[in-house]
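> 3D, please:
(4 chains)
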Amino acid sequence: PRNFEDVRCKCICPPYRNNSGHIYNKNVTQKDCTCLHVVEPMPVPGHDVEAYCLLCECKYEERSSTTIKVTIIIYLSVVGALLLYMLFLLLVDPLIRKHDPYTQPLHNEEDSESAAARGNTVLERVEGAQQRWKKQVQEQRKTVFDRHKLLS
Amino acid sequence: PRNFEDVRCKCICPPYRNNSGHIYNKNVTQKDCTCLHVVEPMPVPGHDVEAYCLLCECKYEERSSTTIKVTIIIYLSVVGALLLYMLFLLLVDPLIRKHDPYTQPLHNEEDSESAAARGNTVLERVEGAQQRWKKQVQEQRKTVFDRHKLLS
Amino acid sequence: MNGSGPTKLVDPLEDPLPGVGTYEDFNTIDWVREKSKDRDRHREITNKSRQSTVALLHSVSDAFSGWLLMLLVGLMAGALAGGIDIAAHWLTDLKGGVCLIGFWFNHEHCCWTSNETTFQERDRCPQWQSWAELITGTSEGAFAYIVNYLMYIFWALLFSFLAVILVRAFAPYACGSGIPEIKTILSGFIIRGYLGKWTLIIKTITLVLAVSSGLSLGKEGPLVHVACCCANILCHLFTKYRKNEAKRREVLSAAAAVGVSVAFGAPIGGVLFSLEEVSYYFPLKTLWRSFFAALVAAFTLRSINPFGNSRLVLFYVEFHAPWHLIELAPFILLGIFGGLWGVLFIKANIAWCRRRKSTRLGHYPIIEVLVVAALTALLAYPNSYTRMSGAELISELFNDCSLLDSSQLCGYKQPANVSETGVGNSLADRPAGEGLYTALWQLALALIFKMLITVITFGMKVPSGLFIPSMAVGAIAGRLLGVGMEQLAYYNHDWLIFRGWCSPGADCITPGLYAMVGAAACLGGVTRMTVSLVVIMFELTGGLEYIVPLMAATMTSKWVADAFGREGIYEAHIRLNGYPFLEAKEEFEHSSLAVDVMRPRRGDPALAVLTQDGMTVEEVENLVENTHYSGFPVVVSQESQRLVGFVLRRDLLISIDNARKRQDGIVGASLVVFTEHTPLQPPEAPPFLRLRSILDLSPFTVTDHTPMDITVDIFRKLGLRQCLVTHNGRLLGIITKKDILKHMAQIANRDPDSILFN
Amino acid sequence: MNGSGPTKLVDPLEDPLPGVGTYEDFNTIDWVREKSKDRDRHREITNKSRQSTVALLHSVSDAFSGWLLMLLVGLMAGALAGGIDIAAHWLTDLKGGVCLIGFWFNHEHCCWTSNETTFQERDRCPQWQSWAELITGTSEGAFAYIVNYLMYIFWALLFSFLAVILVRAFAPYACGSGIPEIKTILSGFIIRGYLGKWTLIIKTITLVLAVSSGLSLGKEGPLVHVACCCANILCHLFTKYRKNEAKRREVLSAAAAVGVSVAFGAPIGGVLFSLEEVSYYFPLKTLWRSFFAALVAAFTLRSINPFGNSRLVLFYVEFHAPWHLIELAPFILLGIFGGLWGVLFIKANIAWCRRRKSTRLGHYPIIEVLVVAALTALLAYPNSYTRMSGAELISELFNDCSLLDSSQLCGYKQPANVSETGVGNSLADRPAGEGLYTALWQLALALIFKMLITVITFGMKVPSGLFIPSMAVGAIAGRLLGVGMEQLAYYNHDWLIFRGWCSPGADCITPGLYAMVGAAACLGGVTRMTVSLVVIMFELTGGLEYIVPLMAATMTSKWVADAFGREGIYEAHIRLNGYPFLEAKEEFEHSSLAVDVMRPRRGDPALAVLTQDGMTVEEVENLVENTHYSGFPVVVSQESQRLVGFVLRRDLLISIDNARKRQDGIVGASLVVFTEHTPLQPPEAPPFLRLRSILDLSPFTVTDHTPMDITVDIFRKLGLRQCLVTHNGRLLGIITKKDILKHMAQIANRDPDSILFN
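Predicted structure coming up:
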């Protein structure tokens, strides 16, 4: 991102005599952010400049366009990833394995954590963790959406 | 008290070019409390007035001289009364009555209040109340000044 | 309070058995036990620190871990809040169009450096293209309007659909505002997963979607939940907080302050909010840390600078117009309005939520969200004041008109010539013009719309906060009244009440202030916040001079609302869901005694007790199996009923289970012994099972004659889970938190079985 | 908790016997009993209100009496504070001269409308005459200086003499700051007369004298005492508060907030101060009312306008100069200074006060005050920074130099020409000039003087607050450091740390801000306030941007100070005097059990108990006479030791006394019966004396194995006075608040007999 776009000095000048209101925008340093530097061309004759400038309000503002860009891109990728994962869980997963997720009751966190050690390979552990998480979500879904016990 | 003395518009003007700093004080309404109205005579030539006035700071202030007067007078009279009463207790009172104030132990507030009803005439009651109060003060004095149990 | 008496059998730093001392889901923690565990742990560390340098370092790092945790919570919550602000702003603007110089810019930032903006239409610039411009090539005309309208509805539906589907798929706990649940959790309830990783991710993501879809909801309440999730996750980094539910709740209480701090840019207000509204057990101890965390969060947010103007919230205002004592009358009027609206809103919303809970409406959460979103979009688009987001609307309403403003709300008739000596840019004489009258009509419609739609929106299965919609309702009402007062004063300078302070040429009434007061009044009516609300509004405006108007309105609003029903919206939702929450602010008024509340009642079978040395393992197991109590008193003997201690069902089960597996010779006929000194063992009998280590030797007791108000006070103040009842030294019964809640429900003529408990 | 069980023998609205249920002087109240009494009373009124309209009105007025009381307290305290401000200002100036146009004007008001003031000497005008001018006719020269000097000392001596003599003659309780005592009273202690009429009058009068005498003390702490006196006196107007010690303490807690609110013009800070520092038992319930009262007081004070500039305090500042992150380093340095000063001050002051308490020094309080006053005046006059009052000094130090200022502290070398385009009046480049160097020397001397003299001043027998002197010390140190930094930056623009933010022409360091931070640090070090201090300073400056510097300094200061000793000055004085105060913030760390603390100890004679139906009046009287306990447990029988209830000595004595006088047939041989159902009476025996109505049927009990940390927690949270200890259901002993305090003193290696108790 071009860095010089990240500062501006914005002067708002209200209607004055026969001039309508106007907004001036300029890329200057904070020190130069005054009406005299930013309002160009000056719409009033010399002796009125001071009075006109008294009415204008100049504000120096900074932003970080990089932050904005990065935030939006991260946000979109997380949403995208979640949607893909959701589709995977909805469509692909049931085809791979067929078992009833409702059979086993929900463990407590401690129990599940100790259970996590049971898997042997990394893949199995991940698999196990995923299964436990899915069960938890199902339990939550039952509580919130079906039985309306919480959060209604 | 003259009421018009209770408002002022005070303008402080810093040193400017070859003028030394100056303080202007004027008795005007809040609306007129601006440099242009208060600074008289204007120490700078016409074209410099605006710049000079930008530097000056004008403040509109109100006070109540009656409040001040009343407060001070009340304060002084209370102090005076207390001093007189103290002198009375120190000098005159022991002459009138002669008994040992330390004999009777301090009653509790409740007890004393019920005792307050015992007096028959108004004078006796006042007398009784004064005696009880004096005993309390003596007790307090012993606690604080002699035994240093509290407040040291 | 584990029975590690003077003999110190158990090392408090490591539980003898995994599972002993932990809680099940949907259970209440025992504050006293947790606090005692933490003190034991602390004592241990202090003692060790005298022995070696490593241990000393460990003790120092342990002491400072709380501060480090607070720092991390502040940083994380501040960063997340900044991200949410940026993303929500962008997505909201995406409903209207897209930025050509970089799709990631929102409308304002797209035109940030543009020189083509005009005084009248400040947000117009060629870089930003509305959908109509992109699709049809023109931004004028009916067709372009319809295209924009349809695109607006499309995006609204898409966002809300994504929000609800993500919540349903990954983290159902992420829906709602979260404040009632957090209040309950802070009071000691356990909801596993409510403050977990997935809840955090999904709540953050879907909050942005929900806010952007144009639904009548705000992000402030959910931000509290987000901050609490951060705190809970970060707690796992520190042993001190991971293992202790009470200590963790201290952190959560500070996190609630952090949430409000970033939501409103009000660190002090946030701390007071946490203190007044959500915290339960330890208000003072965490005050200073909460404040620290709230400040860190506010500064993180400011350094992210999401709005590009160094403000922490969109609707920050700074005006210093004076107000007159007479204006307190309209402010109190606004307070009455706010109180009435609060009561009506709570009643209507609770009725609707009950319907959702009990009827078929609750079976179609996704369709419900889509229908409401479509309805909102359809009705909101034509009116510019409902089309913009809630925060923008509030910002516009709070703003006081100066010569620099060109919005419709500032459409006053321009005076013939602007006085040159006039100080600053304020408008002095202000007769309403054409533009303002239009705006007023639109605002009136927007008011009705917002009032109705918020009732059915709050409680849907998307993250939804209530602060912004309530404030919007109040701000509209306040602005309407303010403009009305202003015009009244303008046309009637000579009325007695206006004379003196409203002379011609003087700027005497500030409609923006009325909007602010109205917002505070409505928010106060709905949530029943008091001090924290005033302080939040004070920090929003940065001027101490408006505390009195704000306070007058808030106080009136609370009194009016309390006259019709004492619960705020969060308490009402807590009751609707039956969470086991013992309200700390309410006094227990009834004159019942402990004996009336305890179990067993008259006629019930006797209390299930264990004896300290007379029962076999089998008998104990049978007793535990045939009852569902979560703990059992231990007495000297069945005859004397003299109390020895209390043992928890979970600890008992785990210990017996463990002993049967690991300990040699423990069979069903083994005697269970709770005494300190093991009795002499007969030669051929199986070995004793010694369980004194799991026995709580200091159970709380009250006498049967103790008034319930005192008992309730003890439960609240000490955070008890159960309390035993004695008469003349003999054990008589037991009172649990559930019994108390049921008793209170009975007194208030509610269904006592609605209380949620494991 | 009076034994009015379900049978409701006693009408809670009127005590059966006068005296039953009241407390003696220097005793601790039983919070639970008081609260219970209030609830009974409330229930009664609510029940009656359903019967008639009058009763309904009574119930409404009862509900609103709390608010009315708060309003009155606010009004009265605000008015008194205004009066104190005006009088103190005038008396202070009287030391220097007198106003000719009206003796009641102070210096500033004397020259208020004068046009003869000059830019350099703003306070000079012909209407105000110094004593030298009046006496010798000239204000110049050595003779005039000496005359002024002597007059200054004379007035100082006179004022301090009057102060101490009035205190001694009329209200010895009026001396000192009062905050330690108020903390103790709020925790439940009773000191009769401490908040009475005479204390109020004398404290108000002598506070003005003490402040004006030039002693190194402030009016802030005593203002809290004054506000509490107002509240206590106004409580007598309302039955609800007059008769209930617990309810009255709620009001007092709000009054403490009022005191700070008027002292610093900081209502929110005042409420937080009350919450953090002085309140004990009910922080949340009174939050909203405290806030209301604090606001009312602040507005009363503002309407009195004691300083004539609409400010509530003399040293209010308003600047918005930015600060840089690097500046946190000097701020933290100031924090360290503040912490060290706090510790040193506390240690030195306590040592001095102990000396006063124990040696002959304490026998001459009047001479002590006179000597210190003379010393102060003698040393203070030559240095203009010590000659002015503390508040003025702080005001001068906080002030940031602009072109408009002409004080010595702003004696920078003037730049050759003032830039015309320069915005506002700030001085940009500031090399120190002659005047500033002189000022710095004077300030350094003033610093040393203030540090030393405050140690011996605080604790003298005049009303004396500590806030102003501490703040003055910190402000001087801060200003010195600030000017140092400023000059460093000016002469070394090119250093790495200054590059970037301290470019020539930019105003980069604000010495006034340093003074403010230093003041906060020192005050924090002495009092160990945290949040409330930051909020008070924030309200003093009105700018949220300085919260981080203030917080960094306060936090460092507290940590540094806590490293050397955990007590603030108020706690230290509480301990010095042995007040029975159970600190709520400190955790009880030791691992003792209830059995280690209870009486009787092993080897002591058994606990003195009454039996429920086996003792005669005479036996009871003997028991009571031969012991000094303030209460006795009642058991079923001496053998079983099963607990029935608890009866207070005072109630017992009054009841027996009353029965002997009024009831027929009660003689020494009458049986005292505490049971519900009277046992069958033998025909010729004297009638029973039934005393169940004074029996507390729900005494608190803990088991002997309860860890003391839990017991202490129970005492603190519930505000108990005593607690019975049982073992397996049998009564074993008793723990009183005094026992706990003694135990804690023992653990800390202090003399356990220093605890003050009746």
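
> and for chain A, the residue most distant from the center?
Here chain A has its C-alpha centre computed as a mean, and the residue farthest from that point, by C-alpha atoms, centre = their mean, is A:His47 with 48.9 Å.

> how is chain C carved up into domains?
Under the assignment named as automatic domain parsing, the residue ranges that make up the domains of chain C are C:64-309, C:325-413+C:427-582, C:594-754.

> before we move on, the earlier item: just want to check the distance between the residue farthest from the centre of chain A and chain D.
16 Å (C-beta to the nearest C-beta, to the nearest Å). In short, each C-beta sits where N, CA and C put it, glycine included.

> that residue and A:Cys11: what is the separation?
Note on A:His47: its distance to A:Cys11, by C-beta to C-beta, to the nearest Å, is 20 Å.

> ditto for C:Ile190
Here the distance between C:Ile190 and A:Cys11 works out to 57 Å (C-beta to C-beta).

> go on, C:Thr300?
C:Thr300 is 31 Å from A:Cys11, by C-beta to C-beta.

> return the helix or strand in chain A with minimum mean pLDDT.
Confidence across the helices and strands of chain A bottoms out at helix A:109-116, with a mean of 44, counting by mean pLDDT, DSSP states H and E.

> next one, pLDDT for residue 144 please.
With no chain named, the answer covers chain A. According to the predicted model, the pLDDT of A:Val144 comes to 87.

> you looked at the wrong chain, it should be chain C
Note for C:Ala144: predicted pLDDT of 92.

> next up, the contacts around it.
With contacts defined as C-beta atoms under 8 Å, 6 or more residues apart in numbering or on different chains, C:Ala144 is in contact with C:130, C:132-133, C:136, C:138.

> any idea how far C:Leu648 lies from C:Val672?
Distance, C:Leu648 to C:Val672, by C-beta to C-beta: 15 Å.

> the more surrounded of these two?
Relative neighbour count places C:Val672 above the other of C:Leu648 and C:Val672, with 27 against 23, counting by other C-beta atoms under 10 Å in any protein chain shown.

> show me the strands in chain A, by range?
Applying DSSP state E to chain A gives strands spanning A:7-13, A:22-26, A:57-62.

> next one: chain C
Ranges of strands in chain C, per DSSP E, are C:97-99, C:128-130, C:610-611, C:615-616, C:631-635, C:643-648, C:671-673, C:689-690, C:701-703, C:722-727, C:730-736.

> does the first one come close to chain A?
To tie it back to what came earlier, the one meant is strand C:97-99. No - contact of strand C:97-99 with chain A is not found when judged by C-beta under 8 Å from any C-beta of the partner chain; the minimum separation is 10.6 Å.

> please work out the average pLDDT along that strand.
Mean per-residue pLDDT for strand C:97-99: 92.

> how many neighbours does the closest residue to C:Asn349 other than its chain neighbours have?
Closest residue to C:Asn349 apart from its sequence neighbours, by C-beta to C-beta, 6 or more residues apart in numbering or on different chains: C:Val455 at 5.2 Å. Taking other C-beta under 10 Å as the criterion, the count of residues near C:Val455 is 21.

> count of residues packed around A:Leu89?
Neighbour count for A:Leu89, taken as other C-beta under 10 Å: 15.

> that one touches C:Ala169, doesn't it?
Yes - when contacts are counted by C-beta atoms under 8 Å, A:Leu89 is listed as touching C:Ala169 (7.2 Å).

> quick one, longest helix in chain A?
helix A:65-87 (DSSP state H).

> and that one, what's buried?
A:65, A:67-69, A:71-72, A:75, A:79, A:82, A:86 (16 or more other C-beta atoms under 10 Å in any protein chain shown).

> which residue is the nearest non-sequential neighbour of C:Arg430?
Nearest residue to C:Arg430, sequence neighbours excluded (C-beta to C-beta, 6+ apart): C:Tyr412, at 4.4 Å.

> show me what contacts the one you found?
Residues counted as contacts of C:Tyr412 (C-beta under 8 Å, 6+ apart) are C:401, C:427, C:430-433, C:436.

> how much space separates it from C:Glu327?
20 Å.

> so which of the contacts of C:Ala144 is the closest to chain D?
When the contacts of C:Ala144 are compared for distance to chain D (C-beta to the nearest C-beta), C:Ser130 comes out closest, at 38.0 Å.

> got the contact list for the nearest residue to that closest one once chain neighbours are set aside?
For C:Ser130, the nearest residue in space outside its immediate sequence neighbours is C:Gly97; the separation is 3.9 Å by C-beta to C-beta, 6+ apart. Shown here is C:Gly97, whose contacts under the criterion C-beta under 8 Å, 6+ apart are C:107, C:128-131, C:133-134.
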